[in-house]
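[1] Predicted coordinates and the sequence they were generated for:
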Amino acid sequence: MADIAADAILSNAEMAAADRATIDSGAFSGPALMENAGAAVAAAALARFAGAARVHVLCGPGNNGGDGYVAARILAERGVVVCVYALKPPRPDSDAEQAARRWAGAVETLDALVPHAGDLVIDALFGAGFSGGLPDPVKTALVRCRDAGCPVLAVDLPSGVNGDTGEGEDAVQCAATVTFYRKRPGHLLFPGRTLCGTIETVDIDVRAAEPPRTWQNGPALWTLPRHRADTHKYARGAVAVLSGPRHGTGAARLSAMGAQRSGPGAATILGHPDALDIHAAHITSIMLRPLGDDPLAALQALKGLGAVVLGPGLGDFALARRLAPAILIETEAMLVLDADAITAFADDPSPLFEAARTGGAERLVLTPHAGEFARLFPDIADGDGGKLAKARQAADRSGGIVLFKGADTVVAAPDGRAAINANATAALATAGSGDVLAGIIAGLAAQSMPAFEAACAAAWLHGEAGRRAGSHAIAEDIADALPAVFGEIGG
Ligand SMILES: NC(=O)C1=CN([C@@H]2O[C@H](COP(=O)(O)OP(=O)(O)OC[C@H]3O[C@@H](n4cnc5c(N)ncnc54)[C@H](OP(=O)(O)O)[C@@H]3O)[C@@H](O)[C@H]2O)[C@@H](O)CC1
Ligand SMILES: [K+]
């Protein structure tokens with residue numbers, strides 16, 4: 001796992017700790033950091049909204065408001081017409097209070113705000129310290145901004161968006177957001193990601209307090225498998241995919257296609273003979289094997305087996321319940337559990353989770369979408385904390401990697417590492433797309449890529465393949481786009 005600080009994401013609390021560590025180190029004082037932050041906001045306003053007739057700066061009581069007072073002062077010094085409004089005065093003896101004192105102009109209440117279409121609004125009401133719901137005067141002011149149709153530039157986060165979860169039903173759609181040092185999960189999780197508009201992350205000389213444990217997913221986070229020129233197909237690892245019945249074979253084929261295109265030496269579909277007859281009519285380089293009376297023995301007979309996909313189109317819950325723990329305990333293969341094989345454990349997941357712990361670190365990858373997640377982890381799904389926290393809790397409980405699917409897929413490991421994927425397009429929301437993803441994870445894992453990295457890499461490659469395949473792609477197109485994506489990033 002690469003420790004690439006630039007891709008790190010900090011929670012609100014981690015960001016505050018980094019802020020404190022920077023101040024405690026003596027490198028920068030609180031007011032100096034606030035000056036840097038406010039200057040970055042003023043610079044973004046000048047660069048992106050140079051033609052604004054007036055700039056309305058809305059300031060909250062905390063340090064987010066402090067950044068607003070600094071930006072207001074700097075913009076006014078540059079000759080911009082600036083009006084400042086406050087929800088409440090800044091907290092006494094705070095850095096924000098100092099910043100407010102240096103603003104020489106008037107400060108009006110929020111109800112005096114009357115923005116026009118050619119104006120710019122700088123939203124410095126709440127940032128990393130926000131939780132709960134917006135006060136009514138703020139909601140009214142934000143509705144006025146929306147109705148005026150003028151662009152809004154958010155300081156750190158659109159006010160109302162929770163930096164840890166991305167939740168924020170009353171926030172206004174911003175044209176751009178200037179954040180400092182590192183993104184927060186709320187910049188990448190929906191609806192926060194959309195509400196932010198364009199995100200600019202500015203280095204304001206904050207220093208990391210602790211090593212990161214959350215990242216924005218991307219190639220800097222993992223290393224794709226490479227093979228020596230003199231390798232052979234079994235040394236490149238083999239993937240097995242369990243097939244569904246005769247009238248449900250497509251999902252397994254899509255998984256096998258995704259797996260094959262991710263670089264292992266071989267992919268085999270195992271199933272009942274009548275299902276294999278259907279597969280035989282569709283495929284060429286994927287191998288077919290009957291499952292027989294002893295499915296575990298059939299898997300163990302495969303040379304170089306590195307990963308198994310169990311679940312897409314499977315239809316047989318009893319088989320999933322029997323086979324998944326056995327794969328974890330009695331083979332060394334990685335198990336990618338998707339779709340029906342997740343649902344199969346809804347009533348009693350403990351045999352699966354116990355087997356994941358017995359079978360050794362990170363041998364299980366679970367790939368639930370929201371519905372499957374709620375079946376396997378109902379109490380976590382109903383709890384608070386947002387998608388990132390929920391994926392982490394599920395990984396901790398299951399002993400496996402949890403890839404919580406969606407437009408903002410989160411990958412979490414039992415040791416607390418997590419990545420948020422941000423390159424998915426609507427093209428991925430198509431039948432069979434998840435089957436391809438399960439196959440890519442298995443394809444990478446079969447080549448000895450550790451499970452967390454394999455899941456992260458697969459989510460990102462899948463997103464890129466969807467982008468490349470275009471807005472009207474079907475799942476086969478996503479699989480077909482993979483070799484070009486690998487080619488582009490040198491895999
Ligand atoms: N970290 C860094 O490196 C740097 C951070 N910087 C900046 O600091 C910002 C974080 O500042 P912050 O911690 O003061 O929090 P902020 O967002 O201003 O809000 C706190 C205030 O809001 C209030 N409040 C909260 N929820 C509420 C609700 N629902 N309804 C009503 N009120 C509510 C809360 O009230 P309380 O809970 O205390 O009663 C408190 O008064 C950060 O976003 C960035 O812009 C930069 O200056 C420099 C470097
Ligand atoms: K804000």
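    Right, received. Where do you want to start? Ligands and ions are numbered 1, 2, ... in the order given.

[2] and the residue of the stretch 201-350 of the chain nearest ligand 2?
    Going by C-beta to the ion, ligand 2 is nearest to V202 of the stretch 201-350 of the chain, at 14.3 Å. Bear in mind the C-beta positions are built from the backbone N, C-alpha and C, glycine included.

[3] Next one: that residue from R102, what distance?
    Going from V202 to R102 by C-beta to C-beta, to the nearest Å gives 21 Å.

[4] What of M15?
    Using C-beta to C-beta, M15 is found at 24 Å from R102.

[5] what about the two, which has more around it?
    More crowded of M15 and R102, by other C-beta atoms under 10 Å: M15, with 24 against 13.

[6] And the pLDDT for the more buried one?
    Looking at M15, its pLDDT reads 96.

[7] Repeat that for G406.
    Residue-level pLDDT assigned to G406 equals 97.

[8] cool, and the one 10 residues further on?
    The predicted local confidence for G416 comes out at a pLDDT of 97.

[9] which residues touch P191?
    161, 166-169, 171 (C-beta atoms under 8 Å, 6 or more residues apart in numbering).

[10] Now A326: which helix or strand?
    Secondary structure from DSSP states H and E places A326 in helix 317-330.

[11] Adjacent strands (with direction) for the next helix or strand after that helix?
    Going down the chain from helix 317-330, the next helix or strand is strand 334-337, by DSSP H and E. In the sheet, strand 334-337 lines up against strand 305-310 (parallel), strand 364-366 (parallel) (DSSP bridges).

[12] could I get the helix or strand just after strand 334-337 in PDB with only the CA atoms?
    Next helix or strand after strand 334-337 toward the C-terminus (DSSP H and E): helix 339-343. Taking C-alpha atoms only, helix 339-343 is exported to PDB below (Å, rounded to 0.1, in the frame of the first residue of the first chain):
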ATOM      1  CA  ALA A 339     -24.800 -11.000  -5.200                       C
ATOM      2  CA  ASP A 340     -26.700 -14.200  -4.300                       C
ATOM      3  CA  ALA A 341     -23.800 -15.500  -2.200                       C
ATOM      4  CA  ILE A 342     -24.100 -12.400   0.000                       C
ATOM      5  CA  THR A 343     -27.800 -12.700   0.400                       C
END
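
[13] Which strands and helices lie in contact with helix 339-343?
    Here helix 339-343 touches helix 317-330, helix 370-376, helix 433-445, going by 3 or more C-beta pairs under 8 Å, 6 or more residues apart in numbering; DSSP states H and E.

[14] So which of those helices is nearest S25?
    Between S25 and the helices and strands packed on helix 339-343, the tightest spacing by C-beta to C-beta is seen for helix 433-445, at 39.9 Å.

[15] what about the closest one, average pLDDT?
    Helix 433-445 comes out at a mean pLDDT of 98.

[16] now the angle from the next helix or strand after that helix to strand 305-310?
    Next helix or strand after helix 433-445 toward the C-terminus (DSSP H and E): helix 451-469. Helix 451-469 runs at 70 degrees relative to strand 305-310, counting by axes from the mean of the first three to the mean of the last three C-alpha atoms, to 10 degrees.

[17] Tell me if I199 really is in a strand.
    Yes. Looking at I199 with DSSP: H, G, I helix; E, B strand; the rest coil, it is inside a strand.

[18] Now do the same for V121: helix, strand or coil?
    Here V121 is recorded as strand under three-state DSSP.

[19] re the thing from before, of all the strands paired with strand 334-337, which lies closest to V152?
    Between V152 and these, the tightest spacing by C-beta to C-beta is seen for strand 364-366, at 38.9 Å.

[20] mind listing what's buried in that closest one?
    For strand 364-366, a neighbour-count test (16 or more other C-beta atoms under 10 Å) marks 364-366 as buried.

[21] Would you mind listing the outside residues contacting that strand?
    Applying C-beta under 8 Å, 6+ apart, the external contacts of strand 364-366 come out as 328, 334-338, 342, 352, 355-356, 376, 394, 398-403, 441, 445, 451, 454-455.

[22] mind redoing it with 6 Å?
    Residues from elsewhere that reach strand 364-366, judged by C-beta atoms under 6 Å, 6 or more residues apart in numbering: 335-337, 356, 400-402, 441, 451, 455.

[23] what's the answer for stretch 17-35, then?
    Stretch 17-35 has contacts (C-beta under 6 Å, 6+ apart) with 66, 70, 95, 98-99, 204-209.

[24] just for this structure, where's the confidence low?
    For the chain, applying pLDDT under 70 flags the ranges 1-6, 491.

[25] Kindly report the domain assignment for it.
    According to automatic domain parsing, the chain comprises the domains 5-214, 219-488.

[26] Tell me who's in contact with the residue in the stretch 301-450 of the chain that ligand 2 sits nearest to.
    Per C-beta to the ion, the residue of the stretch 301-450 of the chain with the smallest distance to ligand 2 is G386, at 18.4 Å. By C-beta under 6 Å, 6+ apart, the residues touching G386 are T165.

[27] Distance of it relative to ligand 1?
    Note on G386: its distance to ligand 1, by C-beta to the nearest ligand atom, to the nearest Å, is 16 Å.

[28] Then T367?
    In terms of C-beta to the nearest ligand atom, T367 sits 34 Å off from ligand 1.

[29] so how many other residues sit close to that residue?
    30.

[30] so what's it up against?
    By C-beta under 6 Å, 6+ apart, the neighbours of T367 are 338, 403, 438.

[31] hang on, the earlier thing: quick check: closest non-adjacent residue to the residue of the stretch 201-350 of the chain closest to ligand 2.
    Nearest non-adjacent residue to V202, counting by C-beta to C-beta, 6 or more residues apart in numbering: A40, 4.1 Å away.

[32] list the buried ones in the strand or helix carrying the one you found?
    Element membership for A40, per DSSP H and E: helix 30-48. For helix 30-48, a neighbour-count test (16+ other C-beta under 10 Å) marks 30-31, 33-45, 48 as buried.

[33] touching ligand 1 at all, that helix?
    Yes. Shown here: helix 30-48 in contact with ligand 1 (C-beta under 6 Å from any ligand atom) through 33-34, 37.

[34] If we only consider those, which is nearest to ligand 2?
    Of all the residues of helix 30-48 next to ligand 1, ligand 2 sits closest to A37, with 11.3 Å by C-beta to the ion.

[35] can you tell me how far the closest residue to that closest one other than its chain neighbours sits from ligand 2?
    Nearest residue to A37, sequence neighbours excluded (C-beta to C-beta, 6+ apart): D67, at 4.5 Å. Counting by C-beta to the ion, to the nearest Å, the gap between D67 and ligand 2 amounts to 8 Å.

[36] One more: V82?
    From V82 to ligand 2 the distance is 17 Å (C-beta to the ion).

[37] show me the residues around that residue that make contact.
    Contacts of V82 were listed using C-beta under 6 Å, 6+ apart, and they are 55, 72, 75-76.

[38] do the same with L142
    V172.

[39] ok so it is a strand residue?
    No. L142 is assigned helix when assessed by three-state DSSP, not a strand.

[40] how close does it get to R363?
    To R363, L142 is 48 Å away according to C-beta to C-beta.

[41] Spatially central residue for this structure, please.
    In the chain, the residue lying closest to the centroid (C-alpha atoms, centre = their mean) is I420, at 1.9 Å.

[42] Distance check, the nearest residue to that one once chain neighbours are set aside against ligand 2.
    Excluding the flanking residues, the one nearest I420 by C-beta to C-beta, 6+ apart is L188, at 4.4 Å. Relative to ligand 2, L188 is positioned 17 Å away (C-beta to the ion).
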